[in-house]
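>>> fold the following.
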Amino acid sequence: MGDGFDRASNLQRLADEEFDVLVVGGGITGAGVALDAASRGLRTALIERDDFASGTSSKSSKLVHGGLRYLQNGDVRLVYEALAERQRLRKNAPHLVKILPFLIPIFSKDGLINPKVARAMGSAMWMYDLTGGARIGKIHHRLRKEQAVEYMPTLPVDRLAGAYLYYDAQADDARLTLTIARTAALEFGAAIANGCKVVGFAKDAAGRVSGATVEADGVQFGVNATAVVNAAGVWADDVRALDEGKHPDSIRPAKGIHITVPWSKVQNRIAVVVPVPKDRRSVFVVPWGGTDGEYEFTYIGTTDTDYEGSLDDPQCTSGDVEYLLRAINFSVSSEVREQDILGSWAGLRPLVKSATSGRTADLSRRHRVARSTSGMISITGGKLTTYREMAADTVDEVVKVLGRDSPRQASRHSRTKRLHLRGADGYESARASAASDATLLHLLDRYGDEGRAVLALADGDPSLRTPLVAGLPYVKAEAVYAARHEMARSVDDVLSRRTRARLLARDASAAAADEVAALLAPELGWDAREQQAQAAAYRALAEHERTSAQLPETALEAAIGS
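Residues are numbered from 1 along each chain as shown. Below you'll find the predicted structure:
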């Protein structure tokens, strides 16, 4: 323990040290802010109430993309900026961000493409390439229907008139968030802790925010900081209320859900964008859980609807499931049913309220940086792909707040455009030398060069090379590594975010909860009662998720083999 990302030592640092900036929120935005600030030379702290990426940042569509539909809304600047950030991420985190081809099938009643539709789609594709899509090294192509079916054999040939092929990228959102946080801590000395909730803010005689009172493990203590950043996502208004004394009601949460099904039901060798019948939206159909066309899972999503329930418990409903099944079954010759669904996840987009009401799908994904009268800086809105730019804008505002108090050695400008994330250096060579070791290749694509350190845990205990969850690629060494080096504190942390077992196969992961708890117990100091409680708590989460969507239990082996 004690490698710089150890929770106990970081909690002690939070209580003992003085910081230039305290970041509230450990999602992709907060982690990005912490890295940007720490890499500039600012003394940086970050606290997360639950777990890193436990909110929206682990429940996205897992795409690093410009957003083709934003062009249709006329937001060319957002697409340009997002595509520029996509390129930076590919260079800074090649182990986490991978090129992914996308297919847009064109359906018609008579098998012919409407000339107006063809011109509009072709124009959109060229605009996407010219806006920055071509930076990936490939441009779009128009395909004949025979070519389209090669990428997805289940497409309904009788209604297929052709297709377009273009390129974007994919990333495991939770691992990306965690890697950014670990880079801030291990490379630049940021003090970071999860399970650490803000309960109030300290202010100086002039009414300026000067730190926070936080609670961790039932103990409250103060964190001293010259500047405070609120990066709490959909909970940003709750944090603002602690500062401003009233709830600002500036966030309009939009719920997005995804479902996971066996790849064999769809057989898409690349990502596909399919229309939703009787709606103006499309959804993504994305292969997952393999490489080079050897996939076992496909996830489908997302919805985009207003949400008024508990921010802490968004759930996939039977109506959400019906919506996505309607979309996929319109676009395949096979049939995907409720009993085929292996996993599901629901997340909330922290959209900034617009003066003009409308569908959440039409609200801008732009971000906004604002400063309260006390000096607290809030960053809201935005999207996964543009997190780095959002962070840079936020820390620019931090530098203004610090003013003359800013450390002399601190850079006034962001240094993250070319900053490699943890695990990036050495990844390519490590992968090239991994040969046919499937386990090592799997780990390198999740941890980068650190994958070898994960596998090394099995040197003294070969059982750690065996599957963490039967039927999934994760190995037991990953759970041990998560507890020792990634601040995992629960079975849920390991199965939902350090690995993505819950998203891929909810019921199979629940069946493995006792064994995972047994692996974590000696690492986290759990006695037998706590070990049982941890496993039971995870099973309850999985069951709540399944019953909220009114889904049947699904056996992974039977589903994959069908």
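>>> SS state for Glu215?
Assigned by DSSP: H, G, I helix; E, B strand; the rest coil, the conformation of Glu215 is strand.
>>> wait, doesn't it sit right on Ala193?
No. With contacts counted by C-beta atoms under 8 Å, Glu215 stays clear of Ala193, the gap being 11.4 Å. The way it works is simple: take the backbone N, C-alpha and C, and place the C-beta from them, glycine included.
>>> more neighbours: these two, which one.
The neighbour count for Glu215 versus Ala193, taken as other C-beta atoms under 10 Å, is higher for Ala193 (25 against 16).
>>> gap between that one and Leu504?
Distance of Ala193 to Leu504, computed by C-beta to C-beta, to the nearest Å: 28 Å.
>>> where does the stretch 101-250 of the chain dip in pLDDT?
Residue ranges of the stretch 101-250 of the chain with pLDDT under 70: 110-115, 117.
>>> most centrally placed residue in this structure?
Asp173 (2.5 Å; C-alpha atoms, centre = their mean).
>>> bridging residues for the residue nearest to Val352 when sequence neighbours are not counted?
Excluding the flanking residues, the one nearest Val352 by C-beta to C-beta, 6 or more residues apart in numbering is Gly381, at 4.3 Å. In this entry, Gly381 is beta-bridged to His367, by DSSP bridges.
>>> and the gap between Gly381 and Ala227?
20 Å.
>>> neighbour count: those two, which is higher?
Ala227 (29 against 23).
>>> Lys255 - that's part of a strand, no?
Yes. Checked against three-state DSSP, Lys255 lies within a strand.
>>> and the nearest residue to Tyr307 once chain neighbours are set aside, what does it touch?
Residue nearest to Tyr307 in three dimensions, not counting chain neighbours: Lys255, with 4.0 Å by C-beta to C-beta, 6+ apart. Applying C-beta atoms under 8 Å, 6 or more residues apart in numbering, we find Lys255 in contact with 303-307, 314, 320, 346-349.
>>> need the longest helix for the protein.
Looking across the chain with DSSP state H, the single longest helix is helix 528-548.
>>> off-centre distance for that one?
Centroid displacement of helix 528-548 relative to its chain, using C-alpha atoms, centre = their mean, to the nearest Å, is 23 Å.
>>> so what does that helix touch, helix or strand wise?
helix 491-492, helix 506-511, helix 513-524 (3 or more C-beta pairs under 8 Å, 6 or more residues apart in numbering; DSSP states H and E).
>>> what helix or strand is the closest residue to Glu18 other than its chain neighbours on?
Nearest residue to Glu18, sequence neighbours excluded (C-beta to C-beta, 6+ apart): Asn224, at 4.6 Å. Assigned by DSSP states H and E, Asn224 belongs to strand 219-230.
>>> distance from the chain centre to the next helix or strand after that strand, please.
Sequence order places helix 236-244 as the next helix or strand after strand 219-230, per DSSP H and E. How far helix 236-244 lies from its chain's middle: 24 Å, per C-alpha atoms, centre = their mean.
>>> now the angle between strand 219-230 and helix 236-244, please.
110 degrees (axes from the mean of the first three to the mean of the last three C-alpha atoms, to 10 degrees).
>>> from Thr226, how far off is Ala458?
From Ala458 across to Thr226, the span is 45 Å (C-beta to C-beta).
>>> looking at the two, which is more packed in?
Per other C-beta under 10 Å, whichever of Ala458 and Thr226 has more neighbours is Thr226, with 24 against 17.
>>> now do the same contact list for that one.
19-21, 210, 401-402, 405.
>>> ditto for Thr416
32, 35-36, 39, 92, 388, 391-392.
>>> which one of those residues is nearest Thr547?
Closest approach to Thr547 among the contacts of Thr416 (C-beta to C-beta): Gly32, at 35.2 Å.
>>> the closest residue to the closest one other than its chain neighbours: what secondary structure?
Excluding the flanking residues, the one nearest Gly32 by C-beta to C-beta, 6+ apart is Ala391, at 3.4 Å. Under three-state DSSP, Ala391 falls in the helix class.
>>> gap between Ala391 and Asp238?
Noted for Ala391: a distance of 21 Å to Asp238, by C-beta to C-beta.
>>> and those two? Which one has more around it.
Per other C-beta under 10 Å, whichever of Ala391 and Asp238 has more neighbours is Ala391, with 29 against 16.
>>> would you confirm that that one contacts Asp36?
Yes. Between Ala391 and Asp36 a contact is recorded at 4.3 Å, counting by C-beta under 8 Å.
>>> list residues touching both of these two?
With C-beta under 8 Å, 6+ apart as the test, Ala391 and Asp36 both reach 414, 416.
>>> all helices for the stretch 151-300 of the chain, in order.
Listed in chain order, the helices of the stretch 151-300 of the chain (DSSP state H, counting those that start in this stretch) span 173-188, 236-244.
>>> contact partners of the shortest one?
Helix 236-244 is contacted from outside by 24-25, 198-201, 209, 230, 232, 247-251, 311, 350, 372-374, 376, 378-380, using C-beta under 8 Å, 6+ apart.
>>> what residues of that helix count as buried?
Residues of helix 236-244 classed as buried by neighbour count (16 or more other C-beta atoms under 10 Å): 236-240, 242-244.
>>> ok, so of these, who is nearest Ile180?
When those are compared for distance to Ile180 (C-beta to C-beta), Ala236 wins out at 18.8 Å.
>>> who does the residue nearest to Tyr307 bridge with?
If you apply DSSP bridges, the partners that Lys255 bridges to are Thr305, Leu348.
>>> read off the pLDDT value for it.
Lys255 carries a pLDDT value of 96.
>>> and for Leu556?
Leu556 is given a pLDDT of 86.
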